[in-house]
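Engineer: build the 3D model from these lines:
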Amino acid sequence: MRVGKVAGIQIILNNWFLLIISLFVVAGMSGKVLIVFSAVIFHELAHVFMARSLGYKVKEVEVLPFGAIARIDRLSEKSASSEIVIAAAGPFISLALAAVSYVGILKAGLWQDFYRFYFDVNAMLAGFNLLPALPLDGGRIVRALLAQKQDYQKATATVITIGKMISVVLLVSVVVTYWLDKTINITMIVAAVFLCVAAKAEQKLAGFRTMRVMARKKAALSANGLLPTSHFTAVPNAVVGDIIRLFGPEQYYIVLVVDDNFRLCGTLTETQVWEELPARGLKAKIKEFL
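Structural biologist: Residues are numbered from 1 along each chain as shown. As a prediction, the model looks like this:
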């Protein structure tokens, strides 16, 4: 549900978030709804401010049950370090607010219950968002780290698998809790289902990343007339899968193929490699692309 714009950024309330808020109201805790909402907003504003400080344009913010997603223009097409810093900003602020609340618990009198609840909310936000599952912050951090050593789509698939395992653990914990205490943790069920549904969406988006990156590079070259370029030198028997893992989103790449005497055998552009890849496969030798 779209609720309006703040500083030009569209704010969207996810249906899962509305469900959690409804459960709070039904449980007679409507007074705590604003506290939860404020904690989520502070968490997400940290992402927004960090993204803007790095020069990214934030299009919209979708508030989720356990945090939010800032849809940042072309973030997935940028460097892994940028994604890591932006993803880490949210949990960092939540942990900072939890620390302030903890001090409040120790010193406050009448406000002690407020600080205790605010501490619990922010600690939960930070802890849950640091889980290595997409689209959570922890999942984005882990994917960015993996993408530095392997294909982006493969890194996404790995994190999605971890996320599914976390969903199973959450559902098992619900069953165990019911068996021991005869209580059902609705929040855990919502979290488990949410992670499964969101993971499918992330998997679809990852499949189109390479095409988006190449389209952006071509557009930048057409608009500016030049593009930052990096060169790699490879021997003819180098595996192409190992080479394309070195291709980053912010530069255009040229592969220089040399023989055993380091004499140039041929030159391949990044575009040529990607165009031949479906026919040759990741395990092909780079000499097959010449």
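Engineer: quick one: what helix or strand has the most centrally placed residue in the chain in it?
Structural biologist: A centroid search over the chain (C-alpha atoms, centre = their mean) returns residue 140, at 3.0 Å, as the residue closest to the centre. For residue 140, the element it lies in under DSSP states H and E is helix 137-147.
Engineer: give me the mean pLDDT for that helix.
Structural biologist: Averaged across helix 137-147, pLDDT comes to 88.
Engineer: check stretch 165-181 too.
Structural biologist: Per-residue pLDDT values over stretch 165-181 give a mean of 85.
Engineer: just the residues contacting it, thanks.
Structural biologist: With C-beta atoms under 8 Å, 6 or more residues apart in numbering as the test, stretch 165-181 has contacts from 131-133, 183-185, 188-189, 191-193, 195-196. Using the backbone N, CA and C atoms, a C-beta is placed for each residue, glycine as well.
Engineer: which of those residues count as buried?
Structural biologist: Neighbour counting over the contacts of stretch 165-181 (16 or more other C-beta atoms under 10 Å) leaves 131-133, 188, 191-192, 195-196 as the buried ones.
Engineer: find the nearest non-adjacent residue to residue 183, please.
Structural biologist: The shortest distance from residue 183 to any non-neighbouring residue, by C-beta to C-beta, 6 or more residues apart in numbering, is to residue 177 (6.1 Å).
Engineer: count the residues that sit near that neighbour.
Structural biologist: By the other C-beta atoms under 10 Å criterion, the neighbourhood of residue 177 contains 14 residues.
Engineer: would you map the helices across the stretch 151-290 of the chain?
Structural biologist: Taking DSSP state H, counting those that start in this stretch, the helices of the stretch 151-290 of the chain run over residues 152-181, 186-207, 209-224, 240-244, 270-280.
Engineer: for residue 11, which of the ones you listed is the nearest?
Structural biologist: With C-beta to C-beta, the closest approach to residue 11 among the helices of the stretch 151-290 of the chain belongs to helix 186-207: 18.8 Å.
Engineer: one step back: tell me the least confident of the contacts of stretch 165-181?
Structural biologist: In terms of pLDDT, the weakest of the contacts of stretch 165-181 is residue 185, which scores 73.
Engineer: distance of residue 135 relative to residue 194?
Structural biologist: Relative to residue 194, residue 135 is positioned 9 Å away (C-beta to C-beta, to the nearest Å).
Engineer: quick one: low-confidence residue ranges for the stretch 151-290 of the chain.
Structural biologist: Along the stretch 151-290 of the chain, segments meeting pLDDT under 70 span 203-212.
Engineer: how many other residues sit next to residue 226?
Structural biologist: Tallying neighbours of residue 226 according to other C-beta under 10 Å, which is how burial is gauged here, yields 8.
Engineer: in a markdown table: the contacts of stretch 165-181, plus distance to residue 227.
Structural biologist: Compiled in a markdown table, these are given as follows (distance: C-beta to C-beta, whole Å):
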| residue | distance to residue 227 |
| --- | --- |
| 131 | 38 |
| 132 | 34 |
| 133 | 35 |
| 183 | 59 |
| 184 | 56 |
| 185 | 52 |
| 188 | 48 |
| 189 | 49 |
| 191 | 43 |
| 192 | 44 |
| 193 | 43 |
| 195 | 38 |
| 196 | 40 |
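Engineer: which pair of those spans the longest distance?
Structural biologist: Checking those against each other with C-beta to C-beta, the farthest-apart pair comes out as 132 and 183, at 27.8 Å.
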